[in-house]
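Chemist: Can you look at this prediction? I've put the sequence above it.
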Amino acid sequence: MDAATGTWRLPATELARRYRAGSLTPTQVARSCLARLEAVNPRINAVVARRDAAFLAEAAAATERFARAQPLSAFDGIPLSVKDSLYTADQPTTWGCPALRQHATGQDELAVARARAAGALIIGKTNVPEFALEGYTANPIFGATRNPWGLALTPGGSSGGAVASVAAGITPVAIGQDGGGSIRRPASHTGLVGLKPSLSAVPREHVLPSLLLDFEVIGPLARTVADARLLFEVMRGAAAVDRSSLSAALAAAGPRVAGPLRILYVERFGSAPLDPQIAASVGQAVRRLGALGHEVREGPLPLDLDFYAEAWPQIGQAGLAQMFDRRPDWAAQASPKYLEMAEKGRAIPAARLWQVLEQVKKLRRDTVALFAGVDVIVLPSAAALPWKAEDAYPAHIAGQEVGPRGHAVYTGWVNAAGLPGLALPCEPSSTGLPIGMQLVGRYGADDALLDLGAAYEAAHPWAQRWPAL
């Protein structure tokens, strides 16, 4: 492999190994990443803000550190992208909203700051839907992001730019954000690994306004489980500025399950439709998990989630309403549908929000009891295959009409419950489109999920699959 041009195919863990061995430098890798960006980004529109000069300067500094055998961390010199809903000190964070074209605070979100301190090379920001509230990726500033596996199709959202950049080989890893499935579903649509960590496993500081209570978490996107773990280790860990991260660190330090895992496979949520190719692919993956020696049973999810069918859109509506009331200048340039959502949010009584908070607490208590009898829950990551890039959601799944969250039924409850969820690739569709499953564990079981994902990947690898860009 040509060191100057072919390194974009290498996983982050292999880059780190070659840096230590002296057979490759961060400068060579950075140049390869920029060449790959030039070659493919015009077709997929994943990276929407670049920092080429700073990126190369930081790569040169990392190269000097390795020459002195003094790397900052195991992540030193690794290229990554950052979702454009997270603050970065030297670039605007537009959130896909015209009013925020030049919005900059001069601060890094804490996870970004930790990545920088570890020596990460940030290539730029990746595209999001407006306010990162939807399951596809398009906005009035930058337009639509396209799926590397089918340019007419969406990579999903809201981390659509992030997954497209990694799937296309622009960088080996990306920092994403997941408020209701926005890491796991896009990962499934692009053949990637995506970890939505336990609530506050990655602490938050210097953030945009929350539109989804405390559901939004920061996590890694990568081509392999090992790469996702490498980035997760850089970003995780308690911080006093986010007190709930202290609980997350305590939960993560709990004992691991010894021996075979008890796995519950939940294929369907009631009568909600599921693409038959996804059902077949995930079903095969679950059988493969059983073949690894785990105890697998299939059945319904023993939780009452009916409340969230109505409450979920109300949460976003109320979040927009309070933000627009505080920032009328942002509202002034928002797209009409978000203004309509905010109007609905203003009509929601305070008692309803209180009811939502109580139901969230109940769900979190109920999942404690659930995981007393099961170690891992396996579900599809998404109910639909990728759809047209300009459409906010697929109108039909398996011949059945669905609404805006018909494709997303499997993911939001994990955020509300504060649980970790790991998206893994399964066998592709008949036309080669990626399909994914998600593993869900008890609060704090992030490492156990990564271990299971690594074992599955070792038996059924996927990193050799590349889109024909």
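Modeler: All right, it came through fine. Everything numeric in this text was worked out from a predicted model, so none of it was measured.
Chemist: any low-confidence regions in this structure?
Modeler: Scanning the chain for pLDDT under 70 picks out 1-5.
Chemist: residues contacting the residue sitting nearest the centre point of it?
Modeler: Among the residues of the chain, the one closest to the centroid is Ile183, at 2.0 Å (C-alpha atoms, centre = their mean). By C-beta atoms under 8 Å, 6 or more residues apart in numbering, the contact set of Ile183 is Ser159, Gly176, Gln177, Gly194, Leu195, Lys196, Gly219, Leu221, Ala423. Using the backbone N, CA and C atoms, a C-beta is placed for each residue, glycine as well.
Chemist: now do 10 Å
Modeler: 83, 156, 158-159, 162-163, 174-177, 192-197, 217-221, 228, 381, 411, 421-423, 438 (C-beta atoms under 10 Å, 6 or more residues apart in numbering).
Chemist: Just the ones of those in helices?
Modeler: Ala162, Val163, Ala228 (DSSP state H).
Chemist: Can you add distance to Pro273 and give the residues you listed back as TSV?
Modeler: Listed next are the ones in helices among the contacts of Ile183 as TSV, based on distance: C-beta to C-beta, whole Å:
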residue	distance to Pro273
Ala162	27
Val163	24
Ala228	30
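Chemist: By neighbour count, which of those residues wins?
Modeler: Ala162 (40 neighbours; other C-beta atoms under 10 Å).
Chemist: beta partners for the closest residue to that one other than its chain neighbours?
Modeler: In space, and not counting its chain neighbours, Ala162 is closest to Ala174: 3.9 Å by C-beta to C-beta, 6 or more residues apart in numbering. Beta-bridge pairing for Ala174 (DSSP bridges): Ser81, Leu221.
Chemist: As a quick check, tell me the outermost residue of the protein.
Modeler: Arg68 (35.0 Å).
Chemist: how close does that one sit to Ile170?
Modeler: Distance of Arg68 to Ile170, given as C-beta to C-beta, to the nearest Å: 29 Å.
Chemist: Likewise for Ala39?
Modeler: Counting by C-beta to C-beta, the gap from Ala39 to Ile170 is 9 Å.
Chemist: which neighbours do the two share?
Modeler: Joint contacts of Ala39 and Ile170 (C-beta under 10 Å, 6+ apart) are Trp8.
Chemist: more neighbours, those two?
Modeler: Ile170 (30 against 15).
Chemist: I figured the more buried one hits Trp8, correct?
Modeler: Yes. Shown here, Ile170 and Trp8 form a contact pair, counting by C-beta atoms under 10 Å, at 7.2 Å.
Chemist: what residues do these two have in common as contacts?
Modeler: Cys33, Leu34, Ala35, Arg36, Leu37, Ala39, Val40, Pro79.
Chemist: What subset of the residues you listed is buried?
Modeler: Among these, those buried by neighbour count (16 or more other C-beta atoms under 10 Å) are Cys33, Leu34, Ala35, Arg36, Leu37, Val40, Pro79.
Chemist: and the nearest residue to Ala285 once chain neighbours are set aside, how many residues sit next to it?
Modeler: With C-beta to C-beta, 6+ apart as the criterion, Ala285 has its nearest non-adjacent residue at 4.4 Å, and that residue is Cys426. Residues lying near Cys426 (other C-beta under 10 Å) number 26.
Chemist: What of Gln464?
Modeler: Neighbours of Gln464 (other C-beta under 10 Å): 7.
Chemist: what's the answer for Ala240, then?
Modeler: By other C-beta under 10 Å, 9 other residues sit near Ala240.
Chemist: which residues sit in contact with it?
Modeler: Pro203, Glu205, Leu246.
Chemist: distance of it from Gln438?
Modeler: On the measure of C-beta to C-beta, Ala240 and Gln438 end up 31 Å apart.
Chemist: cool, Gln107 as well?
Modeler: On the measure of C-beta to C-beta, Gln107 and Gln438 end up 32 Å apart.
Chemist: More neighbours: the two, which one.
Modeler: The neighbour count for Gln107 versus Gln438, taken as other C-beta under 10 Å, is higher for Gln438 (28 against 15).
Chemist: Dig out what that one forms beta bridges with.
Modeler: Leu379, Ala423.
Chemist: and it, how far is that from Ala285?
Modeler: Taking C-beta to C-beta, one finds Gln438 at 11 Å from Ala285.
Chemist: Find residues that contact each of these two.
Modeler: Between them, Gln438 and Ala285 share these contacting residues under C-beta under 10 Å, 6+ apart: Val378, Pro380, Leu424.
Chemist: Check whether Asp76 sits in a helix, strand or coil.
Modeler: coil (DSSP: H, G, I helix; E, B strand; the rest coil).
Chemist: Would you mind listing the outside residues contacting stretch 350-361?
Modeler: 213-215, 304-305, 307-308, 310-312, 314-315, 318, 322, 345, 348-349, 415-418.
Chemist: Type out the ChimeraX command that picks the buried ones from the residues you listed.
Modeler: In ChimeraX, this line selects whichever of those come out buried by 16+ other C-beta under 10 Å:
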select :213,215,305,307,308,311,312,314,315,318,322,345,348,415,416,417,418
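Chemist: Return the subset of the contacts of stretch 350-361 lying in helices.
Modeler: Short answer: the contacts of stretch 350-361 in helices (DSSP H) are 307-308, 310-312, 314-315, 318, 322, 345, 415-417.
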